[in-house]
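>>> Just need the structure, nothing else, for what follows:
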Amino acid sequence: LRRLSVTGSDAAQVADELDQILKEDSVQGRTKTTLHQWGIFVAAGLFMVALPLYIYASPMFDLPIREAFSQVVAVTLVGGLLLAWAYRSVSLQRRIALLTTHQPPPASKGNEKGAKKEREEAQAHLEKSVADLCCAYSLFTVNSAFVLLWLMTAFYFLPKFSTDISPSVNCFLGITAPALLLAAKGTVAF
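Below is the predicted model:
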């Protein structure tokens, strides 16, 4: 938590800063990743990691899929889960940023009980809309970054390191390194 700096300043300024801190903390408490979002993230991560395997199985790399089946499955699972974590991190970061800056529309004038229910429904609708938007945003940005990082790793960095690198090592490093980088630093990059 941030510390309040009270050095004889206005009480209103301190109260505003305290309200902002409480608002941020309450937003972070409301931003949970649902099981539905985890399903989307895991499925998208597995799909994105499986796509480069078609190129590794092509005559370009000529990776023997049947002999390296256990490695292919392990790379797909590990890379897919790492990408799912990156999707989640980017989505949560963006959701917290949007929920702290956007408020639901004010309730219409009427009885207090109806207005409170209307505010709660508007807040729930805003949170669901922001969650869906952030889910799509994280899928787009992380997938774009993964494809670019994979292309650079598989076709530039690894061949520069060694021209005699085997297709199975290129497959392992070319897929897991970008996925690990995005999982570890995804929130910093986006």
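
>>> where does this protein dip in pLDDT?
Scanning the chain for pLDDT under 70 picks out the ranges 1-12, 14-31, 107-111, 187-190.

>>> Which strands and helices lie in contact with the top helix by length along the chain?
As assigned by DSSP state H, the longest helix anywhere in the chain is helix 112-152. Judged by 3 or more Cβ pairs under 8 Å, 6 or more residues apart in numbering; DSSP states H and E, helix 112-152 is in contact with helix 35-57, helix 69-101, helix 167-189. C-beta here means a position set from N, CA and C on the backbone, and glycine is covered the same way.

>>> Phi, psi for the residue nearest to G174 when sequence neighbours are not counted please.
Computed as Cβ to Cβ, 6 or more residues apart in numbering, the closest residue to G174 that is not its neighbour in sequence is A154, at 3.6 Å. Main-chain torsions, A154, degrees, to the nearest 10: phi -70, psi -30.

>>> possible to save the helices and strands packed on helix 112-152 as TSV with mean neighbour count and distance to L158?
Output for the helices and strands packed on helix 112-152, formatted as TSV (neighbours: other Cβ atoms under 10 Å; distance: least, Cβ to Cβ, whole Å):
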stretch	mean neighbour count	distance to L158
helix 35-57	17	12
helix 69-101	20	14
helix 167-189	19	5
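
>>> do you know which of these lies nearest V147?
helix 35-57 (7.7 Å; Cβ to Cβ).

>>> tell me how far the closest one is from the chain's mean position?
Offset of helix 35-57 from its chain centre (Cα atoms, centre = their mean, to the nearest Å): 14 Å.

>>> Equivalent analysis for stretch 156-173, please.
Stretch 156-173 sits 28 Å away from the centroid of its parent chain (Cα atoms, centre = their mean).

>>> now what about that stretch, what contacts it?
Stretch 156-173 is contacted from outside by 52-53, 56, 61-63, 68, 71-72, 75, 153-154, 174, using Cβ atoms under 8 Å, 6 or more residues apart in numbering.

>>> make it 10 Å
Outside stretch 156-173, the residues that touch it by Cβ atoms under 10 Å, 6 or more residues apart in numbering are 52-53, 55-57, 60-65, 67-68, 71-72, 74-75, 78-79, 149, 152-155, 174, 177.

>>> Report how many residues lie close to the residue nearest to P178 when sequence neighbours are not counted.
Leaving aside its sequence neighbours, P178 sits nearest to L149 (Cβ to Cβ, 6+ apart; 3.5 Å). Number of residues near L149 (other Cβ atoms under 10 Å) recorded here: 18.

>>> Please apply the same query to T163.
Residues lying near T163 (other Cβ under 10 Å) number 7.

>>> which residues touch the residue nearest to P178?
By Cβ under 10 Å, 6+ apart, the residues touching L149 are F157, G174, I175, A177, P178, A179, L181, L182.
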